[in-house]
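> Fold the following, please.
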Amino acid sequence: MSLDYTLDENDYLRYHMYQLKTDNNIKKTMKLSWLSLVLVYSGMMWFFYAKFGLSVGFYVILVPILLIVVFYPKFYESSCKRRILKFTRKNYYPNNHIRLELDTISNTITAKMQDEFKLETKNITKLVKIPQNLFIIFKNPDKKDTLGIILKNDEISAKFMELVSEKTGLSIKEEL
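This next block holds a predicted model:
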């Protein structure tokens with residue numbers, strides 16, 4: 001079975017934002033940077049308290065700590081979103097036409113965008129359905145990260161995904 005379709009930047013953005021929200025390594029990086037900022041500002045606040053007591057400097061440092069604790073997760077997400085859009089516009093646009101072929105005999109999915117590459121179905125870790133898109137998530141055999149194929153959420157893509165699901169034995173996980 002084969003598919004031909006075109007993706008827009010929102011499709012790429014949804015995929016990368018899904019990865020941002022579900023990937024444990026990304027979550028760990030965000031928490032580490034969040035904790036580092038809080039510790040650095042807390043150290044500065046302690047310095048001002050030790051030297052000057054409850055002075056203006058103490059309160060000037062206290063305000064950023066409170067802002068970081070409350071708003072950093074949203075800031076991190078919006079910062080990542082801006083970087084993802086910049087990356088997408090630079091690397092994917094306007095070459096966003098994709099051709100996928102599922103070879104049921106050799107158990108491979110051939111994807112062609114600018115380059116052609118083959119992925120073995122045994123490396124598929126997750127099949128995800130969100131309202132606008134379908135994602136086929138692969139483990140990258142060379143690295144610890146994941147690769148993904150983005151599909152439009154239409155009838156033909158859903159049939160393709162069901163065929164992949166049957167071939168791999170994985171169920172399609174629906175998420176909001």
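
> This protein: strands as residue ranges?
Assigned by DSSP state E, the strands in the chain fall at 2-6, 97-103, 108-112, 116-120, 124-129, 133-139, 146-152, 172-174.

> do you know which of those strands lies nearest residue 69?
Using CB to CB as the criterion, the shortest distance between residue 69 and these is 30.3 Å, found for strand 146-152. In short, each C-beta sits where N, CA and C put it, glycine included.

> Quick check: can you list the domain ranges of the protein?
Per automatic domain parsing, the structural domains of the chain span 2-8+95-174, 13-91.

> Give me the mean pLDDT for the first one.
This points to domain 2-8+95-174. Domain 2-8+95-174 carries an average pLDDT of 84.

> Centre of the chain to it, how far?
16 Å (CA atoms, centre = their mean, to the nearest Å).

> Same question for the last one.
Per CA atoms, centre = their mean, the displacement of domain 13-91 from the mean C-alpha position of its chain is 18 Å.

> who touches residue 41 in this structure?
Listed by CB atoms under 8 Å, 6 or more residues apart in numbering, the contact partners of residue 41 are 61, 64-65, 68.

> now do 6 Å
Listed by CB atoms under 6 Å, 6 or more residues apart in numbering, the contact partners of residue 41 are 61, 64-65.

> And the residue nearest the centre of the protein?
In the chain, the centroid-proximal residue (CA atoms, centre = their mean) is residue 19; its distance is 2.3 Å.

> Next, format the contacts of residue 41 as TSV and append pLDDT.
As requested, those are exported to TSV (pLDDT from 0 to 100):
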residue	pLDDT
61	79
64	83
65	85
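
> Could you check how far the residue nearest to the centre of the chain is from residue 121?
According to CB to CB, to the nearest Å, residue 19 and residue 121 sit 20 Å apart.

> And residue 27, by the same measure?
Following CB to CB, the distance that separates residue 27 from residue 121 is 28 Å.
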